[in-house]
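> need a 3D model of the following:
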Amino acid sequence: PSPPRPPRPPPPLPPRTALRPWWTAAPERYQPPLGEACQFAPDTQRRGEDTRMWRSVDVYEAARGQGAGKRRRLCTAWMPLDGQLKLIPPPGGPGCLMLRDA
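Numbers count the residues shown, from 1 in each chain. As a prediction, this is how the structure comes out:
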């Protein structure tokens with residue numbers, strides 16, 4: 001009998017694409033609070049460098065192959081609020097909170 005073959009190395013992981021909030025591409029000069037949003041509890045509200053209020057938001061995506069309704073957390077990001085302290089919707093709709101850099 002031939003000797004057992006060594007196990008195959010796992011396939012290389014696809015390159016991680018950088019995620020950034022939608023407002024980084026907006027023409028308005030949004031300036032979030034100092035500090036990373038992940039340093040604060042979700043839903044923390046703070047005044048940004050642009051004097052508007054911002055909220056720390058957990059961003060999720062649908063988890064592939066996990067069944068309907070399953071999701072995984074991508075990151076925590078600052079999102080700008082309007083005068084009524086409601087999230088300003090991204091131009092592409094609620095599913096477009098984060099932009100992927102190629």
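
> contacts, neighbours, all on C-alpha from now
Will do.

> could you count how many residues lie near the residue nearest to Pro21 when sequence neighbours are not counted?
Leaving aside its chain neighbours, Pro21 sits nearest to Met98 (4.5 Å; criterion: C-alpha to C-alpha, 6 or more residues apart in numbering). When neighbours are counted by other C-alpha atoms under 10 Å, Met98 registers 21.

> right, and Met98 touches Ala25 too?
No: using C-alpha atoms under 8 Å, Met98 is not in contact with Ala25; the gap is 10.2 Å.

> ok, now which ones touch the residue nearest to Pro21?
Met98 sits next to 19-22 when contact means C-alpha atoms under 8 Å, 6 or more residues apart in numbering.

> likewise for Leu34?
48-49.

> so how far is the lowest-mean-pLDDT helix or strand in the chain from its chain's centroid?
Within the chain, no helix or strand scores below strand 98-100, which has a mean of 83 by mean pLDDT, DSSP states H and E. Here strand 98-100 is found 7 Å from its chain centre; the criterion is C-alpha atoms, centre = their mean, to the nearest Å.

> same question, stretch 19-39
Using C-alpha atoms, centre = their mean, the offset of stretch 19-39 from its chain centre is 11 Å.

> and that stretch, C-alpha only, in CSV?
Taking Å, rounded to 0.1, in the frame of the first residue of the first chain, the C-alpha atoms of stretch 19-39 are listed here in CSV:
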residue,chain,number,x,y,z
LEU,A,19,-15.5,48.6,4.1
ARG,A,20,-16.3,52.2,4.7
PRO,A,21,-19.5,54.0,5.6
TRP,A,22,-21.6,55.5,2.8
TRP,A,23,-21.1,59.1,4.0
THR,A,24,-17.4,58.9,3.2
ALA,A,25,-18.4,59.2,-0.5
ALA,A,26,-21.1,61.9,0.0
PRO,A,27,-20.5,65.4,-1.3
GLU,A,28,-21.4,66.8,2.1
ARG,A,29,-18.4,67.2,4.4
TYR,A,30,-19.4,64.7,7.1
GLN,A,31,-17.1,64.6,10.1
PRO,A,32,-17.9,62.0,12.7
PRO,A,33,-16.9,62.2,16.4
LEU,A,34,-13.3,61.5,17.3
GLY,A,35,-12.6,57.8,18.2
GLU,A,36,-13.7,54.6,16.5
ALA,A,37,-17.4,53.8,16.8
CYS,A,38,-16.5,50.3,18.0
GLN,A,39,-15.0,51.8,21.2
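
> thanks a lot, catch you later.
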